[in-house]
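Trainee: Quick one: sequence plus predicted model below, questions after.
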Amino acid sequence: MPVKDVFNPCSARRALLLGAGALGVTVLAGCGDDEKTPAAAGSQPPPAAPTTGGNPFDNTAPAAGPSDAAPPAGALVAVKDVPVGGGVIAKDTILVVQAKQGTFKAYQASCPHQGVLVDPPSAGATTIMCPGHNSQFKIADGSLARGPATRGLNGVPVKVQSGYVVEA
């Protein structure tokens, strides 16, 4: 009996993935270390360029001026980085929100229902969403707007100091 040629999507997917994997190995093999040429006698490598920007919490360079001052102790996030009516996750565990212009609040970022990290609200939102089971919390005070969570987010006392939201 002749064998009927039937398209098998699993076989096609497997062939595609194997081909992509083989291509990746080939590309990586070509990225090996090249032998460095020795420097000319008496020459020195160029000095490293000064770095600017980056994470202000990792700044180990001395302050060059008032705008480059190190963040105050307990700093969570720069005021300018928190959108009005929105929020950001700071230090992986704290949600900092600016419910209205100049009013900052902070909450533990884990949902009281099952500990899932809540989504920071986008600018103009009125609620904070938990992606786990869709619990909702009010930006203004962290209280429960809709379950399955049975209580609101735990508050974290904060204040504004030197252009940063800091733990109080």
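Mentor: That came in fine, so what should we check first?

Trainee: Next, the contact list for the nearest residue to residue 142 once chain neighbours are set aside, please.
Mentor: Spatial nearest neighbour of residue 142, chain neighbours left out: residue 153 (3.9 Å); criterion: Cβ to Cβ, 6 or more residues apart in numbering. In short, each C-beta sits where N, CA and C put it, glycine included. Taking Cβ atoms under 8 Å, 6 or more residues apart in numbering, we find residue 153 in contact with 95, 107-109, 111-112, 118, 128, 137, 142.

Trainee: count of neighbours near residue 128?
Mentor: Residue 128: 25 surrounding residues under other Cβ atoms under 10 Å.

Trainee: A helix includes it, no?
Mentor: No. Using DSSP: H, G, I helix; E, B strand; the rest coil, the secondary structure at residue 128 is strand, not a helix.

Trainee: That one reaches residue 140, doesn't it?
Mentor: No. Contact status for residue 128 versus residue 140: not in contact, 10.3 Å apart, counting by Cβ atoms under 8 Å.

Trainee: Residue 138 pairs with what?
Mentor: Per DSSP bridges, the residues bridged to residue 138 are residue 127.

Trainee: Roughly how far does it sit from residue 146?
Mentor: Look at residue 138 and residue 146: by Cβ to Cβ, to the nearest Å, they are 10 Å apart.

Trainee: And the strands in the chain?
Mentor: Here the chain has its strands, by DSSP state E, at 75-78, 86-90, 94-100, 103-108, 127-129, 136-138, 144-146, 155-156, 158-161, 164-167.

Trainee: Can I get the ones you listed in CSV including mean pLDDT?
Mentor: CSV is the format used below for those (pLDDT from 0 to 100):
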stretch, mean pLDDT
strand 75-78, 89
strand 86-90, 91
strand 94-100, 89
strand 103-108, 92
strand 127-129, 90
strand 136-138, 92
strand 144-146, 89
strand 155-156, 91
strand 158-161, 90
strand 164-167, 89
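
Trainee: before we move on, the earlier item: so if I had to pick from residue 138 and residue 146, which one is more boxed in?
Mentor: residue 138 (17 against 13).
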